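J.: structure of the sequence below:
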Amino acid sequence: MPTYTRTDVLKAIRRCALALGRRPQSLCYLRWRRAVLSRPTADAYERQRLPNYGAILRFFATWRHALRAAAITDQELVDARTAWASPTAPSSDAGAHLAALAADAWERAGLSADERALVLERGPAVL
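T.: Residues are numbered from 1 along each chain as shown. As a prediction, this is how the structure comes out:
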């Protein structure tokens, strides 16, 4: 069992938030962690540096305290979401690909049904 530091915990929470484009709830973090660890490309170091919920609570009394300590700014989240967006309007192939995504894929990305409709209508650059 790996030993985690406070820095490991904060880095993992920040990494999750930037991957999701929003401050994650604890359950979202756990789902994201499970998805990262199940990827065949996850290397040994990556696997060791993603603490479980119990390890996080050893450093912080609550998830909210851990999230606050991670100090994720709104601008960082905007920048993360902007990085996903295409600088040009989606091609018809890209639009078809977006439309074919399952509802749970949109949910995992942290997008509501309204945001999904907006992306399908105007393209990913609207985020």
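
J.: make it CA atoms for all contacts and neighbour counts henceforth
T.: Will do.

J.: and the residue nearest the centre of the chain, how far from Gln75?
T.: The C-alpha lying nearest the average C-alpha coordinate of the chain belongs to Leu20 (CA atoms, centre = their mean; 2.1 Å). Relative to Gln75, Leu20 is positioned 14 Å away (CA to CA, to the nearest Å).

J.: overlap in contacts of those two?
T.: Residues touching both Leu20 and Gln75 (CA atoms under 8 Å, 6 or more residues apart in numbering): none.

J.: and the helices in the chain?
T.: Ranges of helices in the chain, per DSSP state H, are 6-20, 26-38, 44-48, 53-59, 63-70, 74-84, 92-100, 103-108, 113-122.

J.: among these, which is the most enclosed?
T.: Burial of the helices of the chain is given as mean neighbour count (mean count of other CA atoms under 10 Å); helix 6-20 ranks first at a mean of 20.

J.: so how far is that one from its chain's centroid?
T.: Centre-to-centre, helix 6-20 and its host chain are 9 Å apart (CA atoms, centre = their mean, to the nearest Å).
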